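1. sequence plus predicted model, see below.
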Amino acid sequence: DRIGRLIADPETARAMGTASRRRVEAHHTRDALVARMRHVWKKTVADPRPPREARTWEIVEDVDALRALGPEWDGLLGPDHFFLGPEWVISWLQHGEATGRPYVLVARDARGRLEGVLPLVRRGDDLCFAGEGEGADHMDVVATPGHALAIAHGALDRLAGGDWGRLRFRHLAEDGALRRAIHERQWTFPYTEHLATHCPYVDVRGHASYADYVAAHFAYSSRRNIRRYPKRFRALPDAAVERVTAPIDGVAGLRRFFALHDNRRSDSAMTPPHIRAFHRALVERAARSGRLLLTFLTVGGRDVACEYAFRHRDKLYAFQSGLDESAPFESPGLVLQAIVLEEDVFGGGLREYDFLDGTEDYKLRWATGRRRLFDVEVHRPTPVGGAAALLRGAARLAHD
């Protein structure tokens, strides 16, 4: 009908054609299209970072000020962030030897709510994670859900004007926001990195029960021992499994753990007095928050095995263990591992059991997967920093 009208009215048809031509010439020429494409390109492609939001940053260098952040900070922690939280960081800053000065980056949104934390310390010209050499894994930024990458980029922006020499990030999570941001900023923040270690873990979600996990994961001969040895232990008339979780028992439980640990490894990294003071403070805090789990196997009131672990969100972190090799039953380490997995992990409704750093045979036997952790060294965004990164990278490549 409309086409028929235009055929019957050539003047209107010509007027409409003229108007259309003027519109095309005004809005759809090559120059106009290129200008719009350039605008889109600049806005979305030329800068890979997410758009900045109304966010303020400060650097906190006082332990008391960090302590005041505790509840807000703790509320931001995800399942993988135990070693980035106030319990670990503040305990280390109070008791770590030669720990350096706090240099904690804190981000708040437009309403003043805590949105992100990067808990660093300064050691000379270097910045690194607090307590990063004492068993801390899965290091990253802490942020509100959905904002981790923006917080990581914001932290790098805030650090760009600092007077540090290097950022030494140990055991960064492979898929973490901070490592991703460093990679995206490689032309402004020269860096080197290498694979540091693996963290084996047991993923509970793939199995209906502990029995299903054992049946699916182990060969017949191993399954027999995993089922038989715990039964033999429990059949002893004076055998018991004891769990220490309460604040009133935490420090005493830690002393019992140290006695077992020293019996097996008298020269371990946990022997120095300042490390023990750090763990005493950590155990007190973790017990108050419900995160401490010390699991003892005892026979006749005597401790023969213990696992020192932290229950955080829906994960259990197996931090360290102690054994008495003269225990009056077979394979106390296997029995302890089986009981913790069956009763505390699968029976406790947790999602994952994390063995943390290390690829010892016993970890790999139990694990259903492993995560990679990287050591990353970032140099100042200057020509000298870039040259230093290239030299260190070449030296590492030659060494490898």
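-> All right, it came through fine. Numbers count the residues shown, from 1 in each chain.
2. please make it C-alpha for all contacts and neighbour counts, starting now.
-> Noted.
3. and the closest residue to Ala136 other than its chain neighbours, how many residues sit next to it?
-> Take Ala136 and drop its neighbours on the chain: the residue closest to it by Cα to Cα, 6 or more residues apart in numbering is Phe83, 5.4 Å away. For Phe83, the neighbour count with other Cα atoms under 10 Å is 22.
4. the one 5 residues further on now?
-> Around Trp88 sit 22 other residues, with neighbours defined as other Cα under 10 Å.
5. what residues of stretch 335-350 count as buried?
-> For stretch 335-350, a neighbour-count test (16 or more other Cα atoms under 10 Å) marks 335-342, 344-346, 350 as buried.
6. ok, the residue nearest to Ala136 touching Asp140?
-> No: Phe83 is beyond contact range of Asp140, at 9.6 Å (criterion: Cα atoms under 8 Å).
7. using the three-state scheme, assign Val376.
-> Secondary structure, DSSP: H, G, I helix; E, B strand; the rest coil: Val376 is strand.
8. mind checking how far it is from Glu11?
-> Distance from Val376 to Glu11, counting by Cα to Cα, to the nearest Å: 73 Å.
9. neighbour-wise, which of these two wins?
-> The neighbour comparison of Val376 against Glu11 (other Cα under 10 Å) goes to Val376, with 19 against 11.
10. for Gln186, see how far away the nearest residue to that one once chain neighbours are set aside is.
-> Of all residues not flanking Val376 in the chain, Glu193 sits nearest, at 4.2 Å (Cα to Cα, 6+ apart). Glu193 sits 12 Å away from Gln186, going by Cα to Cα.
11. out of the two, which sits in the more crowded spot?
-> Glu193 (19 against 14).
12. show me the strands in this protein, by range?
-> 55-60, 101-109, 114-123, 126-129, 142-143, 166-173, 191-203, 239-244, 292-299, 302-312, 315-323, 352-354, 369-379 (DSSP state E).
13. tell me the most buried of these?
-> Among those, strand 142-143 has the highest mean neighbour count (mean count of other Cα atoms under 10 Å), at a mean of 26.
14. what mean pLDDT does that strand have?
-> What strand 142-143 shows for mean pLDDT is 96.
15. please apply the same query to stretch 56-63.
-> Stretch 56-63 shows a mean pLDDT of 93.
16. same question for stretch 262-279.
-> 80.
17. out of the helices and strands in this structure, which is least certain?
-> helix 383-399 (a mean of 52; mean pLDDT, DSSP states H and E).
18. about what we covered before: the residue nearest to Ala136: what's it in contact with?
-> Phe83 is in contact with 89, 136-139, counting by Cα atoms under 8 Å, 6 or more residues apart in numbering.
19. so which residues of the protein form helices?
-> Taking DSSP state H as the criterion, the chain contains helices spanning 2-8, 10-27, 30-44, 63-76, 86-95, 148-160, 177-184, 210-217, 220-235, 247-264, 273-288, 332-339, 361-366, 383-399.
20. now render those as a markdown table, adding distance to Glu307.
-> Output for these, formatted as a markdown table (distance: least, Cα to Cα, whole Å):
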| stretch | distance to Glu307 |
| --- | --- |
| helix 2-8 | 83 |
| helix 10-27 | 71 |
| helix 30-44 | 50 |
| helix 63-76 | 24 |
| helix 86-95 | 18 |
| helix 148-160 | 32 |
| helix 177-184 | 31 |
| helix 210-217 | 19 |
| helix 220-235 | 16 |
| helix 247-264 | 8 |
| helix 273-288 | 13 |
| helix 332-339 | 8 |
| helix 361-366 | 14 |
| helix 383-399 | 37 |
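21. flag whichever of those helices has the least confidence on average.
-> Ranked by mean pLDDT, those bottom out at helix 383-399, with a mean of 52.
22. phi, psi of Thr359?
-> Here the main-chain torsion angles of Thr359 (degrees, to the nearest 10) amount to phi -120, psi 40.
23. surely it meets Arg365?
-> No: contact criterion Cα under 8 Å: Thr359 and Arg365 do not qualify, at 9.8 Å.
24. looking at the two, which is more packed in?
-> Ranked by neighbour count (other Cα under 10 Å), Thr359 and Arg365 place Thr359 first, with 16 against 13.
25. hey, what's the closest residue to the more buried one other than its chain neighbours bridged with?
-> Leaving aside its chain neighbours, Thr359 sits nearest to His198 (6.6 Å; criterion: Cα to Cα, 6+ apart). As for beta bridges, His198 partners with Arg372 under DSSP bridges.
26. list the contacts for Leu341?
-> By Cα under 8 Å, 6+ apart, the neighbours of Leu341 are 210, 347, 353.
27. tally of neighbours for Gly17?
-> 12.
28. any idea how far it is from Phe296?
-> For Gly17, the distance to Phe296 equals 88 Å [Cα to Cα].
29. same question for Pro79.
-> Pro79 is 25 Å from Phe296, where distance means Cα to Cα.
30. now do Ser209
-> As for Ser209, its distance to Phe296 is 23 Å (criterion: Cα to Cα).
31. nearest to Leu118, out of the helices of the chain?
-> Among these, helix 148-160 comes nearest to Leu118, with 7.5 Å by Cα to Cα.
32. in that closest one, what's buried?
-> Applying 16+ other Cα under 10 Å to helix 148-160 flags 148-156 as buried.
33. quick check, nearest of these to His217?
-> Using Cα to Cα, the shortest approach to His217 within those belongs to Ala148, at 34.6 Å.
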